[in-house]
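1. Curious how this folds, go ahead:
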Amino acid sequence: MVTVAKSLDALTTLVGLSMFDDTEEVNPVIQAGFETVGVFPALFWLSVASVLLVTVITEFGVLLCERLDRPARLVRYVGYGIPTVTAAAAATHNGLLIVQLST
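-> Predicted structure coming up:
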């Protein structure tokens with residue numbers, strides 16, 4: 001789910017930036033990526049990197065729980081849940097902004 005939510009965030013960002021000249025990315029890391037490699041490559045590679053980072057950290061936490069004989073379900077809920085909700089919220093915000101600016 002984190003991959004889907006992050007993809008929707010990146011897609012709505014790309015659409016919004018492509019459709020409206022007066023919009024800008026507020027995240028300074030992503031903005032620096034835009035300036036370095038361009039909008040699409042930066043969105044693609046930074047999205048891939050963020051999903052991979054979330055996966056590595058979460059699965060490391062799961063592995064650690066399993067080695068300590070602790071339940072790992074909560075680690076996955078939090079590890080994947082928070083980034084999924086955050087990316088879904090960003091995609092929703094972007095989508096609403098696109099609709100608002102289109103009218």
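
2. buried stuff in the worst-scoring helix or strand of the chain on mean pLDDT?
-> Ranked by mean pLDDT, DSSP states H and E, the weakest helix or strand in the chain is helix 28-37, scoring a mean of 94. For helix 28-37, the neighbour count (16 or more other Cβ atoms under 10 Å) marks 30, 33-34 as buried. The way it works is simple: take the backbone N, C-alpha and C, and place the C-beta from them, glycine included.

3. outside of that helix, which residues touch it?
-> With contacts defined as Cβ atoms under 8 Å, 6 or more residues apart in numbering, helix 28-37 is touched by 13, 24-25, 41-43, 45-46.

4. which one of those sits closest to L53?
-> Looking at these and their distance to L53, the nearest is L46, at 10.3 Å (Cβ to Cβ).

5. Give the buried residues for the helix or strand harbouring the closest one.
-> Using DSSP states H and E, L46 falls within helix 39-67. Going by neighbour count (16+ other Cβ under 10 Å), the buried part of helix 39-67 is 39, 42-44, 46-47, 50-51, 54, 58, 61-62, 65.

6. who are the neighbours in contact with G79?
-> For G79, counting by Cβ under 8 Å, 6+ apart, the contacting residues are 54, 57-58, 61-62.

7. what would those look like in TSV with pLDDT and distance to L74?
-> Listed next are the contacts of G79 as TSV, based on pLDDT from 0 to 100; distance: Cβ to Cβ, whole Å:
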residue	pLDDT	distance to L74
V54	98	16
I57	97	14
T58	97	11
G61	97	9
V62	97	10
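
8. and of these, the nearest to R73?
-> Closest to R73, out of all of these and judged by Cβ to Cβ, is V62, at 8.9 Å.
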